[in-house]
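Engineer: here is a sequence together with a model predicted from it:
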Amino acid sequence: MKLEYYQEQVEKKRQKLEKINQNGKVSKDEIKSSRVERYGSKRKSNIQFPLLTVLSIFFVILPIAVFIIYSSFVK
């Protein structure tokens, strides 16, 4: 019951927001431009870390190499 009451109040008081310049007028450029046009595309570039790749490969291959060397000496 209370939720419906608050929702009715919100619907009555809801207003459309507009950007206003210092002169008190709404500029047409700000209304018509989209977010992408204003701020540009913010895609994250794919950063590669070659040292991290080398270290990860090293830590994967190291136990396998140690096991192969150990098993060859035991025979």
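Structural biologist: Right, received. Where do you want to start?

Engineer: any idea where the helices of this structure begin and end?
Structural biologist: 2-13, 28-32, 35-39, 50-74 (DSSP state H).

Engineer: export the ones you listed to JSON lines and tack on mean neighbour count and mean pLDDT?
Structural biologist: Every C-beta, even on glycine, is put in place using the N, C-alpha and C of the backbone. Output for those, formatted as JSON lines (neighbours: other CB atoms under 10 Å; pLDDT from 0 to 100):
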{"stretch": "helix 2-13", "mean neighbour count": "8", "mean pLDDT": "78"}
{"stretch": "helix 28-32", "mean neighbour count": "9", "mean pLDDT": "55"}
{"stretch": "helix 35-39", "mean neighbour count": "9", "mean pLDDT": "65"}
{"stretch": "helix 50-74", "mean neighbour count": "9", "mean pLDDT": "94"}
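
Engineer: any idea how far residue 46 lies from residue 56?
Structural biologist: Remark: distance between residue 46 and residue 56 (CB to CB, to the nearest Å) = 17 Å.

Engineer: actually residue 71, sorry about that
Structural biologist: 24 Å.

Engineer: try residue 64
Structural biologist: To residue 56, residue 64 is 14 Å away according to CB to CB.

Engineer: again, but for residue 65
Structural biologist: 15 Å.

Engineer: do residue 74 as well
Structural biologist: Taking CB to CB, one finds residue 74 at 29 Å from residue 56.

Engineer: also residue 8?
Structural biologist: Noted for residue 8: a distance of 59 Å to residue 56, by CB to CB.

Engineer: same question, residue 73
Structural biologist: Distance, residue 73 to residue 56, using CB to CB: 27 Å.

Engineer: what do you get for residue 63?
Structural biologist: Between residue 63 and residue 56 the computed distance is 13 Å (CB to CB).

Engineer: can you check residue 69 too?
Structural biologist: Here residue 69 is placed at a distance of 21 Å from residue 56 (CB to CB).

Engineer: cool, and residue 11?
Structural biologist: From residue 11 across to residue 56, the span is 56 Å (CB to CB).
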